[in-house]
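>>> quick check, what structure comes out for this input:
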Amino acid sequence: MASQSRGWRFPRVALPLAPGVFDLSVHDGRVTEWRAAAGPAQSLWLPPLVERHAHADRAFQANAAMPASLPDAIGLAESMRGISSEDEFYHRAARYFDCALMHGATRVRTHTDVDDLVGERALRGVVAAARDRADKMDVEIVAFANARTDPASSAGRAHLTRALALGAGWLGAVPAFCRSPAKAVDALLDLASETGAPVDLHLDEHGDADASLTAWVAHSARERGLQGRVTISHACALAALPHAERARICEALAESDIAVVVLPATNLFLQGRGEGTPRERGVTIARELLTAGVRVGWGSDNVRDAFFPYGNADPLEAAFLAALAAHVDDVAQLLAGISDHASAPRVGEPANFVLVPADSWRDALARRPGGRLVFRNGVPVTGDAASADLCKT
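Numbering: from 1, shown residues only. The predicted model follows:
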């Protein structure tokens, strides 16, 4: 693979949000040329992609059984977790991170199980796998208080506090499975206030409007001054609420600057499973949230584990499913859901981008092709090295 002191030139590159094709040059880690060109596009430029919700410690479980329902998936995952070694967690996470990187994700947020069953094995394995890839990608590790861990209990708090000391940077939980869901939310937010750790909650992963906790989270986060530091993942139950109540909650989330991560693959697969063909999509109200000004992202969630037997750690797949299932058509919104950066390169800036072998955004989303070339600080960190050398200046 070429060193940072070498340069590359990529002809006829398309952009996701603008017409035309351009020639792109990179030297000494920075974009040195970006000028209009002629002819058909050879590749599509994208900013570095982000995987906003993963479970790397569970991914790629060999022979994972097909779940009959969400509760069944939880039980299957517990069985697998209880017999897995730290080394197995490491290799699952390593495979997940490498797969995500191959698809263009240079930042991943992964929820790692924290409970009495697994102890520290999962977290230690994930931390080690992330550390070994620190030059290629940034990994945000969420200490995930799963269905066995109640943040409101002394044991749950101890598990989470220990996880932060071992290398987790975020706090997470699934309050619906706690004795008092509202108290679990408050306990987790209190710990976040004390430690400064941001929060990503598995919330409302069901279709019961009466059991929705989203409004409570918005209130509790604002009460503690945690604006901008809380994320809600799933939020399926919002789709079951009356229109007026949905609108109020969207407004409250925007006021509290709470982000929502939509997880269409797992939710389409598990919500309503076991009850015949589901009549409800199981996907949250993405378009209403976007209209209200809520920060909305798309995530892969589970990949080939007890919760979801498919998936490939590809942010483009998450965006495709958001377009398909949530009817989000706006390219800028779809792209913002899987990236953090500008929609075009700028001369003089660090060369951080993904080149997809596609001639447009729609082509890339439709085919989600492999062979992507991922640049980080001017160096190709994955992709076809031979192709990179062919483009070398």
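>>> assign the closest residue to Ala332 other than its chain neighbours to helix, strand or coil.
Of all residues not flanking Ala332 in the chain, Leu17 sits nearest, at 6.0 Å (CB to CB, 6 or more residues apart in numbering). Where you see a C-beta, it was placed from the backbone N, CA and C, and this is true even at glycine. What DSSP: H, G, I helix; E, B strand; the rest coil gives for Leu17 is coil.
>>> count the residues that sit near Leu17.
Close neighbours of Leu17, defined as other CB atoms under 10 Å, add up to 11.
>>> now do the contacts for it.
With contacts defined as CB atoms under 8 Å, 6 or more residues apart in numbering, Leu17 is in contact with Val331, Ala332, Leu335, Ser343, Ala344, Trp361.
>>> got these as CSV, with pLDDT columns?
Listed next are the contacts of Leu17 as CSV, based on pLDDT from 0 to 100:
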residue, pLDDT
Val331, 97
Ala332, 96
Leu335, 98
Ser343, 80
Ala344, 90
Trp361, 98
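>>> of the residues you listed, closest to Gly167?
Gly167 lies nearest to Leu335 out of these, by CB to CB, at 30.6 Å.
>>> shouldn't that closest one be within a strand?
No - under three-state DSSP, Leu335 falls outside any strand and is assigned helix.
>>> look up phi and psi at Val374.
Torsion angles at Val374 (phi, psi; degrees, to the nearest 10) stand at phi -110, psi 120.
>>> distance of the residue nearest to it when sequence neighbours are not counted from Glu255?
With CB to CB, 6+ apart as the criterion, Val374 has its nearest non-adjacent residue at 4.7 Å, and that residue is Thr382. According to CB to CB, to the nearest Å, Thr382 stands 40 Å off from Glu255.
>>> quick one, which of the two is more surrounded?
Thr382 (21 against 14).
>>> what helix or strand is the residue nearest the centre of the chain located in?
What sits nearest the mean C-alpha location of the chain, by CA atoms, centre = their mean, is Arg52, with 1.8 Å. Arg52 belongs to strand 49-54 when assigned by DSSP states H and E.
>>> pull the contacting residues for the closest residue to Gly337 other than its chain neighbours.
In this structure, Gly337 finds its nearest non-sequential neighbour in Trp298, 4.1 Å apart by CB to CB, 6+ apart. Shown in contact with Trp298 (CB under 8 Å, 6+ apart): 52, 261-264, 315, 318-319, 321-322, 334, 337-338.
>>> right, and the helix or strand after the helix or strand containing Ala163?
Applying DSSP H and E as the criterion places Ala163 in helix 154-166. Going down the chain from helix 154-166, the next helix or strand is strand 170-173, by DSSP H and E.
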